[in-house]
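Undergrad: Structure for the following, please:
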Amino acid sequence: MNPRSPIYTTRGMVATSQPLAVAAGLEILRQGGNAADAAIATAAALNVTEPTSTGIGGDAFALYYEAQTGQITALNGSGRAPKALTLALVNRQFSMVNGQSIPDPYHPFTVTVQGACGAWCDLIEKHGQLEMAQVLAPAIRLAEEGFPVAPITAFFWARGAEQQLASAPNGHELTIEGRAPRAGEIFRNPGLARTFQTVAAGGKQAFYKGVIAEAIVAVLEQAGGCMTLDDLAAHTSTWETPISTDYRGYTVWECPPNGQGLAALLALNLLEGYDLAGMPPLSSERLHLMIEAMRVAFADTCWYVADPQFNAIPLEQLLSKDYAALRRELIDSQKATLDQKRGTPTAASDTVYLTVVDSEGNACSFINSNCMGFGTGIVPKGWGFTLQNRGHNFTIDPDHPNALAPGKRPYHTIIPGMITQKRELRVENGDLSEQPPSSFHSLISSFGVMGGFMQPQGHMQVVVGLIDDGLDPQAALDRPRFCITDGTAGGHVAIEDGIPLEEMSALAQRGHPVIPTTGYARDVFGRGQIILRDPDTSVLAGGSDPRADGCAMGL
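TA: Here you go, the predicted model:
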C-alpha cells in the first residue's frame, strides 16, 4: 500500500469509500447543513455509487455527537423479521432440523424489513437542519445523470452480478444489458432517482406505506417470501443509550446489541491489562494478545448479542473491569486457545461506512449495509435498489438467544464507533447555571471499519493504533491487519500482506491457523474511515482506507 498523508482542515470534513459520495456530503456542508445532513447525503450518494455494498434496501446504525452538550446518541436503524417468518416455516422450506442459519443466503426468507430509510429520516428529524429534499438532491443528480464507476467497485459489481443479480427478480436493473459496469463506465439508475424523489417528497411514510412498499411486497411474494405491507408499515427505528468503556484515559463508544460493537469493547477491556505500547506494533507478541482478546470477546458476543427486546443482556456486567480481569486469565501469552467458551457474568457483512464532522464540532459516525454485497440481489421492480439479506445472521437453533422469531431483529455486524475524552470545562463569569456539567466529553474521533465480523476487530486495531501508538488517522488505517475470519473464537486468522513473514510464522508456531492474504482477497480486512478532532484547536485530521476507492476531504 502506498502511504497517504492525513487531510487537515477546520471547517468540516467527510470521509468514506467513494469520492463522489464525499463530494455530496461536502456540498451539503457548504449549503449550511450539519453533520447529520451531510451524513445522509453521503449515505444516499453511496447507494448510487456503491450499490455493491449499501443502499436504502438495507439497514443503518449511527452515533451522533452533539458538540454543544457533549452528548452521544445511538440510532438503531435495523429491521425486523416478518411476522409470518417462523422457525417452523424455515424448517418446512428446507426440510431440516439442525443448522446455524438459513442455508440459502440469498433466499427471500433472509430479507428483514429495510431499516435504512427510516434511519435516514429519523436522523435528519432529530439532529439535522435541512429538508430531506435538499439532503437527497446530490444523490438524485448522480442517479439521473450517471457516474463513472470506480475500479474496486467495478470488481465487486462484476462478482455480485454473477452471484446475485443474474438470478434475482429484476436484478437486471443494476446491470448494463446483463453485465456489471466496467471501471470508468457511466452507470445511470433512474429507478433509484425515483425512489429518492419519492422519499424526498413524502418522507419515510412514502417508503413504508406507499407504492415502494407495495413493490417490495410484490417482488418478495414472487420470489417466495412472506413479508407483508403490515410488516413494513409497523417499522420503527429506535434511539438507544450507547455503550462504552474507558480505555487508557479515553472513552470508546459503540451502539448496543443487536449490534456487535460489544465485541470491540470487550476486547479493549482485555487489552488494557497489557503494555501494548511497549511491544513492536507488528510483532507476533502483540498480535497474539490482540487475536486472543478478540477470541475471548467473540466467545461472549456469539451468545449475548441478540435483540434485547427478546433477551435480557447483562451489559453492565459484561463491560465491567472485574469481568475483564476474570476473562483475561483465559489468555495464554504463549499459545493460541481456539476453543474459548462464553463467560457467565454475575448479575448486579458487506457495508459502507462514513464519518462527518462539521465546523461546529458535531459528528456523525454512520454505517449502512445490504449485508452480503447486493444482499439478496432482489430488486423491487422499477425502484433501482436491492433488498438486504440480513436475516441470514439469525440462528435456527431454537435455544439460542439469536434464534429466528417473528418481529425480531437479528445479530447485526455493522457498527459505528466514536472516541471521546472527559475534560474539565473552564468556567466563564463564574456562572454554571446554563452550562453543561463541568466534566464534559470532548470529541476525539469519529471512526469505523466496515466488513462483516471484521468490524469489531477493525475497531479494536484502529483504537490501539490511535491511542497506544499515537498514529495519525491515515497511518492507523494504512497499518496491516489481522482478521478472525468467521467471527468465532476458533476461526482461522487472515494475516494481511505487510506483516513480516517471520511474525506470521511465529503466530503459526503459537497455534494460530494463519492464512496469508493479499490482492483483492484483502477485502476481508474491511475498509475504514477516521476523523480526529483536536479539542483545543478544533483542527480536523482525516484518513481513508487504502483498501477502497474513497478519500477524506475537508472544506
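Undergrad: where do the strands sit along the stretch 401-550 of the chain?
TA: 417-424, 439-450, 482-484, 493-496, 514-517, 527-533, 540-544 (DSSP state E, counting those that start in this stretch).
Undergrad: Highest mean neighbour count out of these?
TA: strand 527-533 (a mean of 29; mean count of other C-beta atoms under 10 Å). The way it works is simple: take the backbone N, C-alpha and C, and place the C-beta from them, glycine included.
Undergrad: Relative to that strand, what are the paired strands and their orientations?
TA: In the sheet, strand 527-533 lines up against strand 439-450 (antiparallel), strand 540-544 (antiparallel) (DSSP bridges).
Undergrad: Export only the CA atoms of the shortest one, formatted as CSV.
TA: Listed in CSV are the C-alpha atoms of strand 540-544, where the atom choice follows Å, rounded to 0.1, in the frame of the first residue of the first chain:
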residue,chain,number,x,y,z
LEU,A,540,-9.7,18.0,12.0
ALA,A,541,-7.5,15.3,10.7
GLY,A,542,-8.9,12.7,8.3
GLY,A,543,-7.9,9.4,6.8
SER,A,544,-9.5,7.0,4.4
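Undergrad: Enumerate the positions of the longest helix seen in the chain that are buried.
TA: When the chain is parsed with DSSP state H, its longest helix is helix 284-304. Within helix 284-304, the residues that qualify as buried by neighbour count (16 or more other C-beta atoms under 10 Å) are 284-304.
Undergrad: Which of the strands paired with strand 527-533 comes out lowest on mean pLDDT?
TA: When the strands paired with strand 527-533 are compared by mean pLDDT, strand 439-450 comes last with a mean of 94.
Undergrad: coming back round to it: mind putting the strands paired with strand 527-533 in CSV, distance to residue 505 included?
TA: Shown next, in CSV, are those (distance: least, C-beta to C-beta, whole Å):
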stretch, distance to residue 505
strand 439-450, 26
strand 540-544, 30
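Undergrad: which stretches of the protein have low pLDDT?
TA: 1-2, 96-99, 344-350, 425-438, 487, 489 (pLDDT under 70).
Undergrad: residues in contact with residue 416?
TA: Residues near residue 416 by C-beta atoms under 8 Å, 6 or more residues apart in numbering: 61-63, 254-255, 261, 353, 355, 365-367, 446, 448.
Undergrad: switch the cut-off to 10 Å
TA: By C-beta atoms under 10 Å, 6 or more residues apart in numbering, the residues touching residue 416 are 39, 60-64, 74-75, 242, 253-255, 259, 261, 353-355, 364-368, 446-448, 450, 455, 459.
Undergrad: ditto for residue 535
TA: Applying C-beta under 10 Å, 6+ apart, the residues near residue 535 are 361, 420-421, 423, 440-444.
Undergrad: What of residue 498?
TA: 1, 282, 478-481, 518, 522.
Undergrad: how near is the residue most central in space within the chain to residue 91?
TA: The centre of the chain sits closest to residue 414, judged by C-alpha atoms, centre = their mean, with a distance of 3.1 Å. Computed with C-beta to C-beta, to the nearest Å, the distance linking residue 414 and residue 91 is 28 Å.
Undergrad: domain parsing for this protein?
TA: For the chain, the structural domains run 18-54+69-238+364-393, 240-350+415-438+447-554, going by automatic domain parsing.
Undergrad: Distance check, the closest residue in space to residue 67 that isn't next to it in sequence against residue 420.
TA: Counting by C-beta to C-beta, 6 or more residues apart in numbering, residue 361 is the residue found nearest to residue 67 once chain neighbours are left out, at 3.5 Å. As judged by C-beta to C-beta, residue 361 and residue 420 stand 11 Å apart.
Undergrad: residues bridging contact with those two, i.e. touching both?
TA: Here residue 361 and residue 420 share the contacting residues 65, 70, 442-443, 533, 535, scored by C-beta under 10 Å, 6+ apart.
Undergrad: Tabulate the residues you listed (a markdown table), appending distance to residue 553.
TA: Formatted as a markdown table, the shared contacts of residue 361 and residue 420 follow (distance: C-beta to C-beta, whole Å):
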| residue | distance to residue 553 |
| --- | --- |
| 65 | 20 |
| 70 | 26 |
| 442 | 24 |
| 443 | 19 |
| 533 | 16 |
| 535 | 22 |
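Undergrad: which one of those is nearest residue 311?
TA: Closest approach between the shared contacts of residue 361 and residue 420 and residue 311, by C-beta to C-beta: residue 65, at 29.1 Å.
Undergrad: would you say the closest one is within a strand?
TA: Yes - Residue 65: assigned to a strand according to DSSP: H, G, I helix; E, B strand; the rest coil.
Undergrad: hey, what's it bridged with?
TA: Using DSSP bridges, the bridge partners assigned to residue 65 are residue 72, residue 363.
Undergrad: In contact with it, which residues are there?
TA: 35, 71-73, 127, 253, 357, 361-365, 418, 420, 441-444, 446, 533.
Undergrad: What of residue 376?
TA: Neighbour list for residue 376: 57, 104-111, 164-165, 168-169, 171, 219-220, 223, 225, 370, 386-392 [criterion: C-beta under 10 Å, 6+ apart].
Undergrad: what are the ranges of the strands in the stretch 101-250 of the chain?
TA: Remark: strands assigned in the stretch 101-250 of the chain by DSSP E, counting those that start in this stretch are 147-148, 186-187, 238-240, 243-247, 250-254.
Undergrad: would you list the ones you listed in TSV and tack on mean neighbour count and distance to residue 203?
TA: Supplementary listing: the strands of the stretch 101-250 of the chain in TSV, determined by neighbours: other C-beta atoms under 10 Å; distance: least, C-beta to C-beta, whole Å:
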stretch	mean neighbour count	distance to residue 203
strand 147-148	17	26
strand 186-187	16	27
strand 238-240	15	17
strand 243-247	19	30
strand 250-254	22	29
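Undergrad: Please tabulate these in JSON lines, including the columns distance to residue 510.
TA: Listed next are those as JSON lines, based on distance: least, C-beta to C-beta, whole Å:
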{"stretch": "strand 147-148", "distance to residue 510": "46"}
{"stretch": "strand 186-187", "distance to residue 510": "47"}
{"stretch": "strand 238-240", "distance to residue 510": "39"}
{"stretch": "strand 243-247", "distance to residue 510": "25"}
{"stretch": "strand 250-254", "distance to residue 510": "27"}
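Undergrad: Having no further points to raise, I will conclude here.
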